[in-house]
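# this is a predicted model, with the sequence first.
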Amino acid sequence: MTSELDFGCQGCTGAHLDLDISMAFQPIVDVADRSVFAHEALVRGIDGAPAADMLRRVNDENRYAFDQLCRVRAVEMAAALGMTSMLSINFMPNAVYEPSRCLRTTLEAALRTGFPVERIIFETTEDERVEDAAYLKQIFATYRAQGFKTAIDDFGAGYAGLNLLADFQPDIVKIDMALIRGIDRDRARQTIVGALAAVGQLLGIRVIAEGVEEAREALVLRHLGITLMQGYLFARPAFEALPPVDFDALDRLLEARIEAA
């Protein structure tokens, strides 16, 4: 997929990008009904090179164009693969110069491919520092007004924390994997994640646990009220494909526990 594209956006710099990228997709599952809630689009090189290799080539001059290209590629590939779940697209807040104008290419891609706008989630990492929190709130509000869903990724690992939720309530919060890892053996993590799940329920925010690798972790998360999960336990990212999901991991652990009893 070539990427010699020109994304016009008034006030944007470095609008031309010469970079080849593709996408991998990783499911976000709902363990309550054994369904796929969404697929997260993860940037890759056209040869499958990891995201880090692509991100090393991003700078202040091409950040906007790279961000726009990732959005378009994600929508195009999701439509081509026949994705019926939600599509989660990572975006760079510091690449958004004017929220409504910079959504144009995404809206055009959705219209051209027939992918429903209401099934697109824009997620931003909490640890990407945005000096103007009010501007981030404006971005989220504009995206929501256009019909997109909004999400904060890596929650609990960045600089904003609960202050961001106080200023703006996104549709989704993804709890950072550092809080999930080993949660089955850590009372403090269980208390913190349980509290975040309760806050999400009170504010009408869907909570996703990311980085789930062990069935024991998933069982504790389910007990804490979290049903949306993402991690290697269920599926690894698949390059230019929608990977099969292992919904039986929890069943196998429960069966083992019953046999041991």
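All right, it came through fine. Since we're looking at a predicted model, the values are computed, not measured.
# name the element the closest residue to residue 227 other than its chain neighbours belongs to?
With sequence-adjacent residues excluded and distances taken as C-beta to C-beta, 6 or more residues apart in numbering, residue 227 is closest to residue 32, at 4.1 Å. Glycine gets a C-beta too; all of them are placed from N, C-alpha and C. Secondary-structure assignment from DSSP states H and E places residue 32 in no helical or strand segment.
# what of residue 40?
Assigned by DSSP H and E, residue 40 belongs to strand 35-45.
# quick one: average confidence on that strand?
The pLDDT scores in strand 35-45 average 97.
# so residue 228 sits against residue 206, correct?
Yes: contact criterion C-beta atoms under 8 Å: residue 228 and residue 206 qualify, at 6.2 Å.
# can you list the low-confidence ranges for the stretch 1-150 of the chain?
Applying pLDDT under 70 to the stretch 1-150 of the chain picks out residues 1-17, 125-132.
# repeat the analysis, applying 90 as the threshold.
Across the stretch 1-150 of the chain, the ranges flagged by pLDDT under 90 are 1-20, 58-64, 92-102, 124-140.
# would you map the strands across it?
With strands called from DSSP state E, counting those that start in this stretch, the stretch 1-150 of the chain shows them at 5-6, 16-17, 21-30, 35-45, 86-90, 120-125, 149-155.
# check contacts around the nearest residue to residue 38 once chain neighbours are set aside.
Spatial nearest neighbour of residue 38, chain neighbours left out: residue 86 (3.6 Å); criterion: C-beta to C-beta, 6+ apart. Counting by C-beta atoms under 8 Å, 6 or more residues apart in numbering, residue 86 touches 28, 37, 38, 39, 119, 120, 121, 149.
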